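> dropping the sequence and predicted coords here.
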Amino acid sequence: MAILRIFKHGESVLKKVSRPVDCGAIRGELPKLLKDMWATMESVRGVGLAAPQVGINLRLSVVDVRPEGKSKRLVLINPEILSREGSVFEEEGCLSVPGLYAKIQRFARVRLRALDEHGEPYEMDGEGLLARAFQHEVDHLDGRLFIDHLAFAERLKLMPLLKDLRRTWQ
């Protein structure tokens, strides 16, 4: 397994809508890709990582929010959010925008449909951090970063900080 480069804010792959995964077409490559994504995410202590963040334009993410301190790895292939409820306003960060955290509004509960690592469909309810992770990862697959949820004035305030951070990423 390899630790992959995490693409940062400003790189074009992060702004593209990801292509759906054809599980049959990538069946042979998928196990290695998932191992590399898990290793990459764990190496930076993340709770989720989307394929675009490692330069791959596919609707694929991995999530492990460690409920009750125990690992519970979830593979999200072609995920879609089926329902949304409630509202929370909490701080969020992103591996593609390291060092930056901002409070954004998300749904408190979501229901997600996806395929697992074997191409089998499943549905799952998420609440709290899991709901936030589902929304965050689906955003990545739709070419959005968490900072895109900020009001225009808030994004303007962050521009100098983003420019400073960008210098450290290069």
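Thanks, I have it.

> which one is the residue nearest in space to the middle of the chain nearest to, not counting chain neighbours?
Residue closest to the mean C-alpha point of the chain, counted by C-alpha atoms, centre = their mean, is residue 137 at 2.9 Å. With sequence-adjacent residues excluded and distances taken as C-beta to C-beta, 6 or more residues apart in numbering, residue 137 is closest to residue 61, at 3.8 Å. C-betas here are computed from N, CA, C, even on glycine.

> kindly report the same for residue 71.
Residue nearest to residue 71 in three dimensions, not counting chain neighbours: residue 64, with 5.6 Å by C-beta to C-beta, 6+ apart.

> run a quick neighbour tally on that neighbour.
A count of nearby residues for residue 64, using other C-beta atoms under 10 Å, gives 19.

> contact partners for it?
With contacts defined as C-beta atoms under 8 Å, 6 or more residues apart in numbering, residue 64 is in contact with 38, 41, 47, 48, 71, 72, 73, 74.

> tell me how far the first one lies from residue 120.
For residue 38, the distance to residue 120 (C-beta to C-beta, to the nearest Å) stands at 19 Å.

> now do residue 73
In this structure, residue 73 and residue 120 are 15 Å apart, going by C-beta to C-beta.

> likewise residue 134?
Using C-beta to C-beta, residue 134 is found at 18 Å from residue 120.

> what residues sit buried inside the longest strand that the chain contains?
Longest strand of the chain, by residue count under DSSP state E: strand 74-85. Applying a neighbour-count criterion of 16 or more other C-beta atoms under 10 Å, one finds 74, 75, 76, 77, 78, 79, 81 buried in strand 74-85.
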